[in-house]
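Visitor: Got a predicted structure here, sequence first:
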Amino acid sequence: MPIINRIADFASDIATWRQHLHTIPELGFDCPKTAAFIKERLEEFGVDEIHTGIAQTGIVAIIEGRGAGRTVGLRADFDALPITEETGVAYLSTHAGKMHACGHDGHTAMLLGAAKYLAETRNFAGRVALIFQPAEEEGGGAQVMCAEGIMDRFDIAEVYGIHNMPGGEEGTFYTRPGAIMAAVDSFTIKIKGRGGHGAMPHETADPVVAACGIVTAIQTIISRNTHSGAERVISVTQIHTGTASNIIPDTAMINGTVRTFDAETKATIVERMAQIVQGQAASYGVEAELDYEDGYPATVNAEAQTAYAEGVARDVVGEAHVEADFAKVAGAEDFSYMLEERPGAYLFLGAGPGAGLHHPKFNFNDEISSVGASFFVRLVEQMQPVQQGA
């Protein structure tokens with residue numbers, strides 16, 4: 001069962017919608033033009049309900065099927081990034097310093113394509129909840145939409161999402177049960193010492209040396225305090241201190257990121273980091289404060305829903321184009337909040353060669369839109385087929 005013929009018929013429309021969205025990238029929760037465009041298309045399709053203003057500019061639209069059944073949620077994110085575009089395409093961003101460098105314009109267009117088909121045919125029982133979400137890149141729009149009650153309000157039973165993957169084979173789906181993307185946290189360590197002349201270090205409490213000791217010691221958490229088989233990352237990405245070559249400063253700051261896939265590993269890292277910061281500070285005669293900030297949780301696919309999604313993907317693209325044991329990704333995704341509220345699955349869709357995500361030369365491959373839209377449609381139709389006589 002390949003790409004749906006009717007969706008292939010209006011593939012050029014999906015590309016047109018995507019390319020228009022590409023011209024009007026907006027950031028975070030402040031996406032009024034994007035939301036207005038989505039709403040206009042949904043009204044044209046004749047969906048049954050359109051609920052706006054969720055998480056400021058988010059939208060949930062409902063399509064009623066034929067006969068009783070559960071509500072399945074399909075999600076697309078639509079915010080952009082603060083990057084100056086360098087693609088040179090005819091539909092270049094018209095908003096200076098902003099661009100769709102992660103493909104959220106494509107995700108939205110794919111879901112709009114599925115919405116158009118589902119509203120036309122309604123060849124399913126139950127309901128579909130189309131979730132158009134702002135602020136995935138920063139702000140946790142999925143968390144806000146969940147906090148505002150969309151899962152209960154619209155009686156969503158399961159939820160599914162797709163992300164394009166440049167470098168992956170075009171039209172191939174990649175997923176796995178369990179954790180597929182990492183929890184992402186950040187930390188800041190502020191060190192207060194006693195500065196002085198660089199020629200007289202014995203009169204100081206040097207925060208620079210303390211910072212170096214802390215950074216080195218933090219690396220041992222991975223090698224000595226967590227299980228060797230656990231996937232985890234601690235990266236120190238910033239050290240700021242000092243103003244001149246002959247001055248030992250009073251303060252230093254360390255910043256970095258932590259990526260984990262399970263709560264136990266994360267708890268160990270947090271505990272050991274706090275102990276190391278205080279222990280190293282004492283050994284160097286300085287004061288240090290750790291500020292550990294929780295970010296998006298791990299994206300964890302439910303086993304049954306992932307197995308079902310894999311089967312649908314095979315129907316659409318064939319067995320050879322579904323990788324069901326894809327390696328975990330250390331990046332993060334706020335769809336994780338939706339998966340904490342409802343079972344579901346998150347899949348990557350290969351986009352072929354091209355610039356990577358968050359790169360100024362990135363551009364979504366419109367050729368995969370029909371694949372993604374067909375997957376969403378088949379997922380709904382096969383989950384709750386229309387009963388004879390309904």
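Guide: Sure thing, it's come through.

Visitor: from the chain's centre, how far out does stretch 208-224 sit?
Guide: On the basis of CA atoms, centre = their mean, to the nearest Å, stretch 208-224 is displaced by 30 Å from the centre of the chain it belongs to.

Visitor: Ala282: how many residues sit nearby?
Guide: Here the number of neighbours of Ala282 (other CB atoms under 10 Å) works out to 12. All C-beta spots, glycine's among them, are computed from the backbone N, C-alpha and C.

Visitor: SS state for it?
Guide: Secondary structure of Ala282, reduced to three states by DSSP: H, G, I helix; E, B strand; the rest coil: helix.

Visitor: Same check on Leu347?
Guide: Here Leu347 is strand, with the state taken from three-state DSSP.

Visitor: Any idea what it is bridged to?
Guide: According to DSSP bridges, the partner residues bridging Leu347 are Ile162.

Visitor: give me the number of residues near it?
Guide: Here the number of neighbours of Leu347 (other CB under 10 Å) works out to 27.

Visitor: Provide a list of residues in contact with it.
Guide: Tyr160, Gly161, Ile162, His163, Phe173, Tyr174, Thr175, Ala309, Ala313, Phe375 (CB atoms under 8 Å, 6 or more residues apart in numbering).

Visitor: Arrange those residues in a markdown table, one row each, with neighbour count and pLDDT as further columns.
Guide: Compiled in a markdown table, the contacts of Leu347 are given as follows (neighbours: other CB atoms under 10 Å; pLDDT from 0 to 100):
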| residue | neighbour count | pLDDT |
| --- | --- | --- |
| Tyr160 | 29 | 99 |
| Gly161 | 25 | 98 |
| Ile162 | 29 | 98 |
| His163 | 26 | 98 |
| Phe173 | 27 | 98 |
| Tyr174 | 22 | 98 |
| Thr175 | 22 | 98 |
| Ala309 | 27 | 98 |
| Ala313 | 28 | 98 |
| Phe375 | 26 | 98 |
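
Visitor: In helices only, show me these.
Guide: The helices, defined by DSSP state H, take in Ala309, Ala313, Phe375 from these.

Visitor: Just the closest of those to Ser223, please.
Guide: Using CB to CB, Ala309 is the member of the ones in helices among the contacts of Leu347 that sits closest to Ser223, with 36.3 Å.

Visitor: For the closest one, which residues are in contact?
Guide: Contacts here follow CB under 8 Å, 6+ apart; on that basis Ala309 touches Tyr160, Thr175, Ala345, Leu347, Leu379.

Visitor: repeat that with 10 Å
Guide: Taking CB atoms under 10 Å, 6 or more residues apart in numbering as the criterion, Ala309 is in contact with 158, 160, 162, 173, 175, 177, 301-302, 322, 324, 344-347, 375, 379, 383.

Visitor: How about Ser93?
Guide: Going by CB under 10 Å, 6+ apart, Ser93 touches His22, Thr23, Ile24, Pro25, Ala80, Ile83, Thr84, Glu85, Thr87, Met99, His100, Ala101.

Visitor: give me phi/psi at it?
Guide: Comment: the main-chain dihedrals of Ser93 come out as phi -50, psi 130, following degrees, to the nearest 10.

Visitor: how close does it get to Asp9?
Guide: Ser93 sits 29 Å away from Asp9 when distances are taken as CB to CB, to the nearest Å.

Visitor: How about Gly73?
Guide: Shown here: Gly73 relative to Asp9, a distance of 26 Å by CB to CB.

Visitor: neighbour count winner among those two?
Guide: Between Gly73 and Asp9, counted using other CB under 10 Å, Gly73 has the larger neighbour count: 24 against 11.

Visitor: so which helix or strand takes in the more buried one?
Guide: Using DSSP states H and E, Gly73 falls within strand 71-77.

Visitor: doesn't Asn301 make contact with Ala179?
Guide: Yes - because the distance of 7.8 Å satisfies CB atoms under 10 Å, Ala179 is recorded as touching Asn301.

Visitor: Looking at those two, which has the bigger crowd around it?
Guide: Neighbour count, other CB under 10 Å: between Ala179 and Asn301, Asn301 has more, with 23 against 19.

Visitor: mind listing what the closest residue to the more buried one other than its chain neighbours touches?
Guide: Taking CB to CB, 6 or more residues apart in numbering, and ignoring the residues beside it in sequence, Asn301 has Ala345 as its nearest neighbour in space, at 4.6 Å. For Ala345, the residues meeting the contact criterion (CB under 10 Å, 6+ apart) are 158-162, 175-177, 180, 299-310, 312-313, 335, 339, 379.

Visitor: Please check those and keep the buried ones.
Guide: Under a neighbour-count criterion of 16 or more other CB atoms under 10 Å, the subset of these counted as buried comprises 158-162, 175-177, 180, 299-302, 305-306, 308-310, 312-313, 335, 339, 379.

Visitor: Am I right that Ala36 sits in a helix?
Guide: Yes - using three-state DSSP, the assignment for Ala36 is a helix.

Visitor: Would you confirm that it contacts Gly53?
Guide: No - counting by CB under 10 Å, Ala36 sits too far from Gly53 to count as a contact (11.9 Å).
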